[in-house]
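*Asks:* Sequence below, structure please.
(chains A, B, C and D)
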Number of protein chains: 2
Amino acid sequence: MDESGNRSGRRVFREDVKEFLLDAILGGDLKPGDRIVETRVAQQVGVSQGPVREALRDLELFGFVVSEPFRGTRVREITPADLIEVYPIRAALEGVAARDAARHMDHDAIRHLESCLETMRQAAHNNDRKTHIEADIQFHRFIVLKSGNRMLLQMWENTRLSSSTIVTVALSHRTLLELADRHMEIIDALTRQDSELAETVMRSHIEELATWIADDQVDISLSTTDKEIA
Amino acid sequence: MDESGNRSGRRVFREDVKEFLLDAILGGDLKPGDRIVETRVAQQVGVSQGPVREALRDLELFGFVVSEPFRGTRVREITPADLIEVYPIRAALEGVAARDAARHMDHDAIRHLESCLETMRQAAHNNDRKTHIEADIQFHRFIVLKSGNRMLLQMWENTRLSSSTIVTVALSHRTLLELADRHMEIIDALTRQDSELAETVMRSHIEELATWIADDQVDISLSTTDKEIA
DNA sequence: TGACTATCGATTATCTATCATCGATGGGTT
DNA sequence: AACCCATCGATGATAGATAATCGATAGTCA
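*Replies:* Got it, this is the predicted structure:
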């Protein structure tokens, strides 16, 4: 079965439109607050308005955009207040994921995480924020995958939890190397196959991000240049 | 602002269709495995196919139905394996909700929970499963609401976590009174405004459900009559 | 009798046209 | 100059038509 889950491999246009829009949002072509006009997107992608409406609705439920009936759709502006709400959720979900994953972490799995960490370090060295973020997300996603809980993985992917990593990297004032190296303790906990420790460490790892955002919130209001995301 | 969040109060047809379908699914008119034909629903509700497609997509993302491109939509069959995956998620999320809610539980809030518990007890006495379920959901929803985390509440509502309560009541072999009374310890923990205790108790409350489902799974495969949901 | 293939009906996906809504703007009045 | 209201353009929402897809069925052949 192909990646779209369809036996025949046929895809609906909604998926193409969604990819197009996600690329634009995550790539910076569409910025927070930007209005998304259905008919314009339809023209750009080469489809009719229907699949565009469906794609936008998906993205709305995933938290990437916001809309009101008859008033159009905008790219969601993620505020520090949003992040402060999302981190307890991430901490809880990824804590459970780490707990259940700890029982399935063989040598290859640990090496995969170490590889992600090494990629983060290299990216920090090169000041390559984009690669750093992708490796960070890949690190966390792998742990959720190893938990064996498909519903948890779907929920993790279908919310904008992973996009919060993007904003954290942008908003926090830590160096990329700092952000990379703090993943080491997760690897240690998972290597020990200690479920309880894995959960505790993962929750602390994420809850600390919320503390940083909360502490920096005063700074942010005094300085707007940090809002730019690579 | 009205409940649809729209300033002018205008609603799109998608919401009407969604309510229609949810009523049919939760009310038993549409059973797990039943096929949902877009054009037929459109005719029944009195709208065109477009809003029906949008409503079905929402319900798919919420986990109530499943579909494949070009192959139609069916009501999702919730298996014990599904539940065993959902409970760790519920436990984690509602644990966090209880933790954060514990700081905001004034006297009126405690009384509201006690009222829900009393409704459950009355429903148990009357063998009224539907009212019992509704009060149970209301109980948990209120705690999530009191956490003050809007995103958590939205996530709790936008997944089918609440529908897992429906299935648990049906699948577990406990009496309705047993199911009602086990909420008492949550109220106790919240009354103490003890965040850590509240989280621990809530997680145990939900994780125990998973244990019951896992233990009963052998029984379920031997007896199909229990699959009927009131 | 079983396997294979063509056909058809049901249904989904998409397109186009049109209606409804909202916000911006300009003119008129005070 | 400020305020109010009518109008209009842009855009969202929906209806109806049509194209594409899939599964069931029937016919044919070995």
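*Asks:* C-alpha only now, for contacts and for neighbours.
*Replies:* OK.
*Asks:* The nearest residue to A:Leu59 once chain neighbours are set aside: what's it in contact with?
*Replies:* Excluding its sequence neighbours, the residue lying closest to A:Leu59 (CA to CA, 6 or more residues apart in numbering or on different chains) is A:Val65, at 5.9 Å. Contacts for A:Val65 were tallied using CA atoms under 8 Å, 6 or more residues apart in numbering or on different chains; they are A:Leu56, A:Leu59, A:Thr73, A:Arg74, A:Val75, A:Arg76.
*Asks:* Just the ones of these in helices?
*Replies:* A:Leu56, A:Leu59 (DSSP state H).
*Asks:* element containing the residue of chain A found nearest chain B?
*Replies:* With CA to the nearest CA, the shortest gap between chain A and chain B falls at A:Ala92, namely 5.2 Å. Assigned by DSSP states H and E, A:Ala92 belongs to helix A:80-101.
*Asks:* The helix or strand following that helix - what's its average pLDDT?
*Replies:* Next along the chain after helix A:80-101, taking DSSP H and E as the criterion, comes helix A:107-125. Mean per-residue pLDDT for helix A:107-125: 95.
*Asks:* thinking again about what came up before, can you pick the most crowded of the contacts of A:Val65?
*Replies:* A:Leu56 (23 neighbours; other CA atoms under 10 Å in any protein chain shown).
*Asks:* In contact with that one, which residues?
*Replies:* The contact partners of A:Leu56, by CA under 8 Å, 6+ apart, come to A:Lys18, A:Val65, A:Thr73.
*Asks:* can you do 10 Å?
*Replies:* A:Leu56 sits next to A:14, A:17-18, A:21, A:36, A:38, A:62, A:64-67, A:73-74 when contact means CA atoms under 10 Å, 6 or more residues apart in numbering or on different chains.
*Asks:* Repeat that for A:Met120.
*Replies:* Counting by CA under 10 Å, 6+ apart, A:Met120 touches A:114, A:126-136, A:139, A:176-177, A:179-181, A:183.
*Asks:* Please report how far it lies from A:Leu177.
*Replies:* 8 Å (CA to CA, to the nearest Å).
*Asks:* what sits in contact with each of the two?
*Replies:* A:Asn127, A:His132.
*Asks:* List the buried residues for the worst-scoring helix or strand of chain A on mean pLDDT?
*Replies:* Across the helices and strands of chain A, the lowest-confidence element by mean pLDDT, DSSP states H and E is helix A:161-171, at a mean of 73. Within helix A:161-171, the residues that count as buried by 16 or more other CA atoms under 10 Å in any protein chain shown are A:Leu161, A:Ser162, A:Ser163, A:Ser164, A:Thr165, A:Ile166, A:Val167, A:Thr168, A:Val169, A:Ala170, A:Leu171.
*Asks:* Make CSV from those and add distance to DNA strand C to it.
*Replies:* Output for the buried residues of helix A:161-171, formatted as CSV (distance: CA to the nearest atom of the strand, whole Å):
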residue, distance to DNA strand C
A:Leu161, 27
A:Ser162, 27
A:Ser163, 26
A:Ser164, 29
A:Thr165, 31
A:Ile166, 30
A:Val167, 28
A:Thr168, 32
A:Val169, 33
A:Ala170, 30
A:Leu171, 30
